[in-house]
Structures are given as structure tokens and as C-alpha cells.
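Student: fold the following, please.
(chains A and B)
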Amino acid sequence: MLTGKKLFQTIIFSEILQGLKLTLKHMLKGNVITEQYPHEKPQLPDGWRGAIVHLRYDDGTEKCVGCALCEAACPSHCITVISAERPDLPQKRIAETYILDMTKCVFCGFCVQACPVNALASSKEYELATRDKRELVMTKDTMLTLGDKYFPVREKRPVYSDARMDLFEALKATGFPKAEKGHDS
Amino acid sequence: MDIGIQILVIVFQIAVVLGGVLTHIAYLTLAERKILSDMQDRLGPMEVGPHGLLQPLADGLKLFFKEDIIPAGANKFIFSAAPILVLVPALIGFAVVPFGRDSLFLGDIEITPYIADINIGILYVLAFASIGAYGILLGGWASNSKYALLGGLRSAAQCISYELPLGLALVGPILLSESLSMKAMTEAQGGGFWHWFIVVQPVAFVIYMICAIAETNRLPFDLPEAESELVAGFFTEYSGMRFSLFFLAEYGNMILVSCIAVVAFLGGWQAPFSFLEFIPPIIWFLAKVYFLLFFYIWLRATVPRLRFDQLMAFCWKVMLPLALVNVLVTSIVKYIVS
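Tutor: Below you'll find the model as predicted:
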């Protein structure tokens, strides 16, 4: 049975009035949480995993040594590395071709972790929509340009000792011993 | 004044009222979206024009260029007639609404602030409001779709049920003003807000507001178009211009019932205090209508939809007896006092 107070509350729609008060309070407070996305960009947190980029040393040379560990680590097989020997520094290698297919990339960041020389990094580039899908197949050059944009502070290039440099010079003169077909050792 | 000028004046009045109403409908849709989004801590439309002010234009253009689809198996004639049958009654009711007090004189030509002062104005509006329900029902039936049919049936049941207490709630003001003319009704409420009929007829006002919300199929009574159960209710199969006619009718009806509520209960164009009478009457009228429209939207942001049996039980078991008692008490008191 309805008590007197309950009956009064029913008659004046007290529950609906409470609801109306709440909505009006929200309206007058004007606390808007909408982000006007294309006009105002979101503040991305550190550690954001956007497009993968290549980094450079402070003298402008690229870090990548073409070891293809990123290719091995990649779960979606989107990285292709073809490495070659560096002509100026024998014994040292470089990625002759480095292709990262952004259409397949899942932005897991495993390649960044796998890299032994920290040549890869996750940038905050996230606006990857394009009219031409081929633009998403990134080569080393595009990745280096993106890396310059997002990581302006570069690491110092390690200096080789004089003994190593002498060895390099000697090897350059004689030529690095190459394995030939049919040779055992 | 010869007949030609008279017709010209009437055509001018109709053009002004129709233009004004359609502009208000267009901007009511924007106002609804903006107020709803404010209450939900969002921004609402912001892209077209500053703060989305031109959004109704963009929406209208979009609807205008959309493909007009008539579903297979639909009754073509009724399908195309239904939106018109809904929109026309919604707009035609504005003919008797007195928007202001003073006529505009151009030489000896008098332009009244209402199109026509029929001596049965309220009855006229109620009669046309009932025709609108036919449009909804026929549109739902002619679509050859189960959702549309269910929406139409619900709408018919709802409109017929809620028309009774709606009409009975208006009997109070009619008794008090001793007139069915909306102009006379407004004039009976002059001289301060304590003369408004809402002071002596608060129950009738609440009943009228609830029934008006149900009549216009607004939340929390929007069962005919309950999107979570019936896709879009009676206009599920409609697209393009035909859909926009239903849309216009819904918002036109909102404005119309607000106008009638203002005339019958809130003193029409009367100022609340006599020292505020320097403000033009039409501004008072619009301010009251805007407040009621805001209240509609406010309610929509607040309350959830009712279940259908709750809706019907509320109408027949609560509203109708209350309205009848209100009529009875009003007549007795009126008889004793006068």
C-alpha cells in the first residue's frame, strides 16, 4: 500500500524531477568531452605504437645493419630485408633494400624489440589513410624521413678503435675472403 | 477593402506563418541535437557553419537528393499519400493560433496576427490532429513491412487513447474562458500571470503536457518508432523526401501542441506582469513556446521509453479518470462562483 510520502512523491513525479535536475546540471556545467578530431589532434601518450621508422646516428648515417632480425621477429611477415656488405667498411653490412608493408603491419612493435642496434622505433604517426595503397609500402628512405620527423635527437655513432680501422683498411686493400663454390673451408 | 486585396493579405499571412513554422521546425531539429548533446556532455553538430548552425540546410539538401524508394508489394497510392496526410494536419493547425495582440496596419489594410479566428478554434485543431494519426497508420500499413505495420498499429492505439484525456484536459480552459476561440481564450487570461489558467488548472496542464508528448510520439512515449524494437516504426520503409515529410510533421506537431498549451494554459501572448507589457506580445508568445519545446527535449534526454502496456494502463487508469474528475470539479466550482 502506498504511504502518504510515497503517494505525494508519485503525484509530483519526484523521480522524473530528479532525473531532470541531473540532465540540467550536466547541460549548465558545459563539461564537454568531445574531441574535434581533425581540427584538434589528440595528445598521444608516450610509448604510442604508430608507424615503424628507421633512425640515424648523429652524423647522419643510418643505424640499420641489415641483420634481418626484425624480419624474423615480425608476426605478420611484413618486413623484407636484403642486406649487403658496406663498400667503405668491409665486414660491416647494411640493408640494401628494406621494405615494410604497412598494409600488413599490426603495429606490435616486436621488430623494435628485436633490433640489436636500436635502428627501429615506433613513431607517433597514426594518420596512415591514403588514396593509393602503394604509398603504404614503405621503403628505407621513407622510413628514414619519418624517423627524422619524429626523433630529431640522435644517438652518437660508436667510434671504432684504430686497430679495427686498420683491419678494415687492410681488408679493403686485399679484398675480403669470399667463400667460393666447391670450397670446403 | 475589395476582395482581391483581402485574398492577397490572407496569402501573405499564410506565407509568413508557414515560412516561420518551417524555419522553426528546421532549427528545432538542430536545437534538439544541440541540447541533447549538451546534456550528454557532447558537442553535437559542429561542422556545417559556425557551431553547426547551417546543419538543417545540409540535412534538407541531403534528404532532397536521396533516392525515393517504394518497397515491392507496397500500396503505391497510400504509400505516397500517407506522408502528406501526416504533414498537412500538423501545419494546418497553425491557422488559428493567435501569435500576437496587435494587428499590423498598412494604410487601411489590416494584417491580423492570426490567419483566422474561428469560434471553434480548439476543436478545429483537435480534429485535424486526429487526422494525422490516419497518416501514420496508413503509412505503416501501406509499407508492406512488419515493423512499419506494428509501428502503425501502436501509433493508432496510442493516439486514440491519448486523445481522450487531451481533449478533456482542454475542457478546463474552455469552461473558464467560456469560449472555443483561441483568441478569446488568450484574452480571458490578461492581467498578470495569476490569471493564467495554469494557476487554477494545474492538473489539466500536467495531463495536457503528458498527452501532448504521447500525441506527438515523443520520448518517453515514442513507441510507434521505438528504434530498438521496430527499426524506425511506421516510417521504416520511407526514404528521401517522403521520410523528411514525416520528420517535418513530427516537429511541426511538437510546435503546434506547444502553441496550444501556451494559449490554453500559459496566457498566450500575455505578459506575466503588467509593467512588462512594453515587450511585444509576440516575443512573450515565442518565449513560452520555446520554453515548452525545451522542456520536451529536456524530458527526452532524461527519461527512458515506457513499455506498451504501461503506456496504455497509465492512459486509461490514471489520466482519463483524473481528467474526468478535473472537468467535473471545474464545472462545479465555476457554477458556484459565477
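
Student: is it true that A:Cys78 touches A:Phe107?
Tutor: No - in this structure, A:Cys78 is not within contact of A:Phe107 by CB atoms under 8 Å, at 10.2 Å. In short, each C-beta sits where N, CA and C put it, glycine included.

Student: between the two, which has more neighbouring residues?
Tutor: Using other CB atoms under 10 Å in any protein chain shown as the criterion, A:Cys78 and A:Phe107 rank with A:Cys78 on top: 20 against 15.

Student: chain neighbours aside, what residue packs nearest to the more buried one?
Tutor: A:Lys104 (3.7 Å; CB to CB, 6 or more residues apart in numbering or on different chains).

Student: which SSE is the one you found in?
Tutor: Using DSSP states H and E, A:Lys104 sits in no helix or strand.

Student: likewise A:Tyr98?
Tutor: Going by DSSP H and E, A:Tyr98 is in strand A:93-101.

Student: wait, does the longest helix seen in chain A contact chain B?
Tutor: Counting residues, the longest helix in chain A under DSSP state H turns out to be helix A:14-29. Yes - Helix A:14-29 reaches chain B (CB under 8 Å from any CB of the partner chain) through A:Ile16, A:Gly19, A:Leu20, A:Leu22, A:Thr23, A:Leu24, A:His26, A:Met27.

Student: B:Val303 is in contact with the first one, correct?
Tutor: Yes - under the contact definition of CB under 8 Å, A:Ile16 touches B:Val303, with a separation of 6.0 Å.

Student: now do the most centrally placed residue in chain A against B:Ala82, distance only.
Tutor: Chain A has A:Ser122 as the residue nearest its centroid, 2.0 Å off, counting by CA atoms, centre = their mean. As judged by CB to CB, to the nearest Å, A:Ser122 and B:Ala82 stand 57 Å apart.

Student: show me which residues of chain A sit near chain B.
Tutor: A:16, A:19-20, A:22-24, A:26-27, A:30-34, A:36.

Student: which of those residues are buried?
Tutor: For the residues of chain A next to chain B, a burial check counting by 16 or more other CB atoms under 10 Å in any protein chain shown picks out A:Gly19, A:Leu20, A:Thr23, A:Met27.

Student: show me what the longest helix of chain A is in contact with.
Tutor: A:Phe8, A:Gln9, B:Ile35, B:Asp38, B:Met39, B:Gln40, B:Asp41, B:Trp298, B:Leu299, B:Ala301, B:Thr302, B:Val303 (CB atoms under 8 Å, 6 or more residues apart in numbering or on different chains).

Student: and for stretch A:114-127?
Tutor: Contacts for stretch A:114-127 (CB under 8 Å, 6+ apart): A:44, A:47-55, A:62-65, A:67, A:69-70, A:72-73, A:107, A:109, A:111-112, A:146-147, A:149-151, A:155.

Student: where strands are concerned, which of the residues you listed count?
Tutor: If you go by DSSP state E, these have A:Ile52, A:Val53, A:His54 in strands.

Student: closest to B:Phe314 out of these?
Tutor: Taking CB to CB as the measure, B:Phe314 lies nearest A:Ile52 of the ones in strands among the contacts of stretch A:114-127, at 61.4 Å.

Student: pull the number of nearby residues for that closest one.
Tutor: A:Ile52 has 27 nearby residues by other CB under 10 Å.
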